[in-house]
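Trainee: What follows is a protein structure lacking sequence information:
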């Protein structure tokens, strides 16, 4: 399967910013006591903003660390060191859990090492984060095919084609899913292995 982590992701509209502070939480709206009010009045105004630069610096450090793990993982993946790459990407995802591109790349890599179930989960997360990204739906469809669920795969490829109608990848992979479903029906009608509803992509046709 074609891997795509070498592609330039700069054109992807992804938000990698850290989770913002929530100023409207209930415990922030409690009435201050008289003592608290007095203490606040005694503090110089500038002191109230002293923590913000520190928070911003911390966010920046997290982003830089996450990007560092991402770059290391990309290099390992390019070198064929897939499991090591996954380890680096997991570290990056711990810091940037809402990075849809990285979830999608992770899914592709998991498919390469044969972990279809984990690939399916990673691709599903990518589509949840970026439902309008056709490539994420294509990767999810491939994961579903490898997991033996061609019916679900067709739905994913249809979602991809609704977003990107000219996608040759989605069109070709959808044909593969349709072929697997036809094959399943043929097996059922011939009375062979009536319990076998799942197929792996690349399965060989059983000899008669």
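Mentor: On my side now, so go ahead. Note that the structure is predicted; figures quoted are calculated from it, not measured.
Trainee: which helices and strands sit right next to the helix or strand encompassing residue 138?
Mentor: Using DSSP states H and E, residue 138 maps to helix 134-146. Here helix 134-146 touches helix 100-112, helix 116-129, helix 150-163, helix 168-189, going by 3 or more Cβ pairs under 8 Å, 6 or more residues apart in numbering; DSSP states H and E. Just so you know, the C-beta spots here come from the backbone N, C-alpha and C atoms, and that holds for glycine as well.
Trainee: Just name the most buried of those helices.
Mentor: Mean neighbour count (mean count of other Cβ atoms under 10 Å) peaks for helix 100-112 among the helices and strands packed on helix 134-146, with a mean of 24.
Trainee: Taking helix 134-146 as reference, get the angle to that helix.
Mentor: If you take axes from the mean of the first three to the mean of the last three Cα atoms, to 10 degrees, helix 100-112 sits at 30 degrees to helix 134-146.
Trainee: mean confidence for helix 100-112?
Mentor: For helix 100-112, mean pLDDT is 94.
Trainee: could you say what helices and strands it packs with?
Mentor: So helix 100-112, by 3+ Cβ pairs under 8 Å, 6+ apart, packs with helix 51-78, helix 82-95, helix 116-129, helix 134-146.
Trainee: nearest to residue 156, of these?
Mentor: helix 134-146 (3.6 Å; Cβ to Cβ).
Trainee: What lies in contact with that closest one?
Mentor: Contact with helix 134-146 is made by 1, 4, 100, 103-104, 107-108, 110-111, 116, 119-120, 122-124, 126-127, 130, 150, 152-154, 156-157, 159-161, 163-164, 167, 169-170, 173-174, 176-177, 180, 200-201, as judged by Cβ atoms under 8 Å, 6 or more residues apart in numbering.
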